[in-house]
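Colleague: predicted model, plus sequence, below.
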Amino acid sequence: MPSIVRTRFAPSPTGYLHIGGVRTALFCWLFARRNGGQFLLRIDDTDQERNVESALAPILHGFRWLGMDWDEGPDVGGPHAPYYQSQRLPQYQAAAEKLLAAGVAYRDYATPDELQAERELAQQEKRPFLYSRRWMAETATDQKRFEADGRQGVVRLKMPREGKLVIHDLVRGDVEFDWAREQDHVVQRADGTCLYHLASVVDDHDFQISHVIRAEEHLSNTPRQIFIAQSLDYPLPEYAHLPFVAEPGSKNKLSKRKLDKYLKNRDFAQLNEHGWKIAQAIGFSTAAETFNPVIVDFYEQVGYLPDAIINYLLLLGWSYDDKREFFSREEMIANFSLERVTKAPASFDAKKLWMFQDHYMQALPMKQKVARMVPYLQKAGLLSSPPPCDVAEKLTRIITAAGDRIKVSGDILAYADFFFADKIVYDSQAVEKNIGNPGATALLAKFKDRLSTVEPFEVGPLEQALHQFMADEQIKVGDIIHALRVAITGKAVGPGLYDCLAILGRETSLARIQSTLDQYGQASGAA
RNA sequence: GGCCCCGUCGUCUAGCGGUCUAGGACACUGGCCUUUCACGCCGGUAACACGGGUUCGAGUCCCGUCGGGGUCACCA
């Protein structure tokens, strides 16, 4: 029997795509692609009410942005549609009936209070809780009797109370469980709706999933799922339980709830702050819960590259060897294997992600850089829409001058806004430090005259002119250059000074120096 | 607490009995380069959780201890 590899990722429609979920999905996707199989998306919305579509949209969008395509699932459909659990209730109910008929499940009429009482008693007596099955209806007569009492029945699994189960996990090896520790879990509610474990097993079978690859928190659920599958005569899929993505600097599972805690991690906080600055500059209004480095959308908005995120995530729990870290999509598909997945949780490291982003951004062809950065300038109101036709040429010069200072597309605003702005914004600290004394402004005024004669107004001649000026005035380069930078850019940091001057052009450069002198020269001179 | 999983530099990891006086990457750090910042280059600090076995030989195998985590729902 030639078996086709089919993996799935099963998000709940929560409204956002979690970075830990992406890592798990990535491994599923890679495994399928590596083995020439299929990767599907199934929507676990048994619990959801309305708005599934709107809560799902950001998740699908995130996967698309990252370049992770699915062969079957929402939007793309497929031979096993629907791929929404909320639309598959009949299948689950039929499975529940089969379990009942086979005697591996029973109708149970215990009230929640009665069950709770049994639990507490077990706890008092310090023994593991196991349901007494006191309200189990084994016959139609029992059923009628309980129902006559006004009780409501659910369907429970009748788990084995002896023996062992060995799971052959592709990541963890053999894992052993005692059947007697497993609870009689409810698989169907009194209202006929079904619970996750039943649904999941039925779907994995119906969708012909060959490898259930998921995060390790599901490992302890696996026995009951295997019990259901075996009882339904389903062939068992292979299982692989991946380590989860842990919080920065800890081994706890990364979750969106503990953002405050993560922000105490310096690297994480820096990444977050950097993103928020860009979001503010482009007028992207959002909330902390949905815009932070745990959520994929954060990276898209700020201008990260999907390849960088994916490459970083690939190394979170997987490695190729002791040297190689950079992988193209083709290379990761060609080399991925579950054998090389790590067993221990891997914590999220903002700095390492940053390194990958830097790498991929520097490797990006100039045309693509320009295309990616134009929207940021537009959103910040520095560039019209559509952009002027000569903007590509100017931007190319600017981006080249800014060089590797630009790590994400949104950084164009931090390093190049002054090229586009009519009036520059002065950084007060930079002004104070570099222009806040009469000597500096005097030199600035003198050099301004010198600048008006430089011909052509390009990097080489500009540099020559400045050196000549230094010789004439008997000053060092530091005596003039910092003031000059602040005068034309408003900032203390940025691309090379001659590049800035040349790109700005003579007219603008002179005007900016003049307005800086107007604004700060006299005040400090008088003081 | 029961069950299950995990435990190599701060972090991600290599290591599948001898080639490990433990390798790489990120971070940190000293220096060089430099008009700022960023980059680049050279160097440095830093780990096998602990204790018993097995073996000629253990980071690598076994047991125990300790530590961390996951899970114990009519959530997914």
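Modeller: Nice, I can see it. Numbering: from 1, shown residues only, chains lettered A, B, ... in the order given.

Colleague: for A:Cys389, give its distance to A:Leu395.
Modeller: Using C-beta to C-beta, to the nearest Å, A:Cys389 is found at 12 Å from A:Leu395. The C-beta positions use only the backbone N, C-alpha and C, and glycine is treated the same way.

Colleague: more crowded one of the two?
Modeller: A:Leu395 (23 against 7; other C-beta atoms under 10 Å).

Colleague: name the element that one belongs to?
Modeller: Per DSSP states H and E: A:Leu395 is located in helix A:391-402.

Colleague: buried residues, that helix. List them.
Modeller: A:Val391, A:Lys394, A:Leu395, A:Ile398, A:Ile399, A:Ala401, A:Ala402 (16 or more other C-beta atoms under 10 Å).

Colleague: neighbours of the residue nearest to A:Ala105 when sequence neighbours are not counted, how many?
Modeller: Closest residue in space to A:Ala105, ignoring its immediate chain neighbours: A:Leu99 at 3.7 Å, by C-beta to C-beta, 6 or more residues apart in numbering. Look at A:Leu99: counted by other C-beta under 10 Å, it has 23 neighbours.

Colleague: and if you look at A:Leu315?
Modeller: Neighbour count of A:Leu315, defined by other C-beta under 10 Å: 20.

Colleague: state the helix or strand in which A:Thr7 lies.
Modeller: Following DSSP H and E, one finds A:Thr7 within strand A:6-9.

Colleague: could you dump that strand to PDB, C-alpha only?
Modeller: Taking C-alpha atoms only, strand A:6-9 is exported to PDB below (Å, rounded to 0.1, in the frame of the first residue of the first chain):
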ATOM      1  CA  ARG A   6      -0.500  14.000   4.400                       C
ATOM      2  CA  THR A   7      -0.100  16.400   7.300                       C
ATOM      3  CA  ARG A   8      -2.400  19.000   8.800                       C
ATOM      4  CA  PHE A   9      -2.300  22.100  10.900                       C
END
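
Colleague: ok, and what's touching it?
Modeller: Contacts with strand A:6-9, where a contact means C-beta atoms under 8 Å, 6 or more residues apart in numbering, come from A:21, A:24-25, A:28-29, A:31-32, A:37-42, A:70, A:204, A:207-213.

Colleague: do the same with stretch A:10-20
Modeller: A:21, A:25, A:41-45, A:47-48, A:51-52, A:54-56, A:58-59, A:61-63, A:200, A:203, A:215, A:244-245, A:253-254, A:256, A:290, A:293-297, A:313, A:348.

Colleague: my guess is the residue nearest to A:Ala105 contacts A:Asp184. True?
Modeller: No: counting by C-beta atoms under 8 Å, A:Leu99 does not reach A:Asp184; the two are 11.8 Å apart.

Colleague: intersection of neighbour lists for the two?
Modeller: Between them, A:Leu99 and A:Asp184 share these contacting residues under C-beta under 8 Å, 6+ apart: A:Leu157.

Colleague: may I see the PyMOL selection of the buried members of the contacts of strand A:6-9?
Modeller: In PyMOL syntax, the buried subset of the contacts of strand A:6-9 is picked out as below (16+ other C-beta under 10 Å):
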select buried, chain A and resi 21+24+25+28+29+31+32+37+38+39+40+41+42+70+204+207+209+210+211+212+213
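
Colleague: out of the contacts of strand A:6-9, which are close to RNA strand B?
Modeller: Taking C-beta under 7 Å from any atom of the strand as the test, RNA strand B is in contact with none of these.

Colleague: what are the buried residues along the strand or helix carrying A:Asp472?
Modeller: A:Asp472 is located in helix A:459-473, with elements delineated by DSSP H and E. By 16+ other C-beta under 10 Å, the buried positions in helix A:459-473 come out as A:Val459, A:Leu462, A:Glu463, A:Ala465, A:Leu466, A:Phe469, A:Met470.

Colleague: check contacts around A:Ala465.
Modeller: A:Arg450, A:Leu451, A:Thr453, A:Val454.

Colleague: next one: A:Asp297
Modeller: Taking C-beta under 8 Å, 6+ apart, we find A:Asp297 in contact with A:Tyr16, A:Leu17, A:Pro58, A:Gly62, A:Thr290, A:Phe291.

Colleague: not counting sequence-adjacent ones, nearest residue to the second one?
Modeller: If you skip the residues right next to it in sequence, A:Leu17 has A:Gly62 as its closest partner in space, 3.5 Å away by C-beta to C-beta, 6+ apart.

Colleague: contacts made by the host helix or strand of that neighbour with the rest, please.
Modeller: A:Gly62 is part of helix A:52-66 when elements are defined by DSSP H and E. Applying C-beta under 8 Å, 6+ apart, the contact partners of helix A:52-66 are A:11, A:13-17, A:22, A:25, A:41, A:43, A:45, A:48, A:69-70, A:74-75, A:84, A:86, A:296-297, A:300, A:306, A:309-310.

Colleague: which of those count as buried?
Modeller: Buried members of the contacts of helix A:52-66, counted by 16+ other C-beta under 10 Å: A:11, A:13, A:15-17, A:22, A:25, A:41, A:43, A:45, A:48, A:70, A:74, A:84, A:86, A:296-297, A:300, A:306, A:309-310.

Colleague: hang on, the earlier thing: any idea which helix or strand comes after the helix holding A:Gly62?
Modeller: Helices and strands here follow DSSP H and E; after helix A:52-66, the next one along the chain is helix A:89-101.

Colleague: for that next one, packing partners?
Modeller: For helix A:89-101, the elements it packs on are strand A:105-108, strand A:154-157, strand A:186-188, helix A:196-206, helix A:222-231, judged by 3 or more C-beta pairs under 8 Å, 6 or more residues apart in numbering; DSSP states H and E.
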